[in-house]
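[1] next comes the sequence, and after it the predicted model I'd like to discuss.
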Amino acid sequence: MERVKVRVPSLETIRQRIRAAGADPDAVRVVAVAKGFDSEVARAAVGAGFIDLGENRAGPLLDKARALADLGVRWHFVGAVQRNKVGALAPHVTLWHGVDRLEEGRAIAAHRPGSAVLVQVNTTGEPQKAGCSPAATRALVEDLRRLDLDIQGLMTVGPIGPAEAARPAFRRLAALRADLGLAELSMGMSGDLEVAVEEGATIVRIGTALFGPRPQT
């Protein structure tokens, strides 16, 4: 992994954007996604006020968890869940963002019963995107609950393009969350944070706005 020196903006800069979008910053958790960057960059993020850090691959999360073990980081796994990696990740992950199949839930429950998870929903209909269909979400939530998992809410990824183009996808997820009576909505990234907050996001996943473009590997 290439080491990149970067000055990480403070958590308050993101809180200001959340406030400007009309939400209480205390009600929206900011996950700093430092994928592609090394442990020193992640450490700088903690120094800038970010305690929730996200990774989408097992190896980098485990490396950073060891390097930052003294800092009380809450680790979020935001990538596709690989069942053969769950055992190593389970002791470190505070919240799994990308569960979209029952088999993934079974693997998590086997290693750490009661784990907090979000069900990933494909709200755009794009075939290249992960996530269960909106129509299948209720059944998956119910099946995962029977595994003794803590289903905290839903997650989605908006479409590539202008921020406003993500609004229908975010609104669809918010309606589905309300219908299911869940608490959390993980949606919105650097480019569409404001739209996500306006549509009710309780968790936003911020990478580029903090760390710049990911280094080439």
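    Alright, I've got the coordinates.
[2] identify the residues contacting residue 101.
    81, 132, 140 (Cβ atoms under 8 Å, 6 or more residues apart in numbering). C-beta coordinates here come from the backbone N, C-alpha and C atoms, glycine included.
[3] quick one: residue 76 and residue 56 touch, right?
    No - using Cβ atoms under 8 Å, residue 76 is not in contact with residue 56; the gap is 9.6 Å.
[4] just to revisit the earlier point, so which of the contacts of residue 101 is the closest to residue 208?
    When the contacts of residue 101 are ranked by distance to residue 208 (Cβ to Cβ), residue 81 comes first, at 23.5 Å.
[5] so for the closest one, what's the pLDDT?
    We have a pLDDT of 89 for residue 81.
[6] residues touching it, list them.
    The contact partners of residue 81, by Cβ under 8 Å, 6+ apart, come to 96, 98-99, 101, 104, 107-108.
[7] mind redoing it with 6 Å?
    Contact partners of residue 81, counting by Cβ atoms under 6 Å, 6 or more residues apart in numbering, are 98, 104.
[8] got phi/psi on it?
    Dihedral pair for residue 81: phi -80, psi 120, per degrees, to the nearest 10.
[9] pLDDT below threshold where in the chain?
    Low-confidence segments of the chain (pLDDT under 70): 1-6, 216-217.
[10] ok so, going back, higher neighbour count, residue 76 and residue 56?
    residue 76 (27 against 18; other Cβ atoms under 10 Å).
[11] got the buried residues for the helix or strand containing that one?
    Residue 76 is located in strand 74-77, with elements delineated by DSSP states H and E. Buried residues in strand 74-77, counted by 16 or more other Cβ atoms under 10 Å: 75-77.
[12] return the residues in contact with residue 183.
    152-153.
[13] start at 393, not 1
    In the new count, where the first residue is 393, that last one comes out as residue 575.
[14] and the longest helix seen in the chain, what does it pack against?
    Of all the segments of type helix in the chain, defined by DSSP state H, the longest one is helix 559-572. Helices and strands touching helix 559-572, by 3 or more Cβ pairs under 6 Å, 6 or more residues apart in numbering; DSSP states H and E, are helix 526-537.
[15] hmm, back to that, what is the strand holding residue 468 packed up against?
    Looks like strand 466-469 contacts strand 485-491 (3+ Cβ pairs under 6 Å, 6+ apart).
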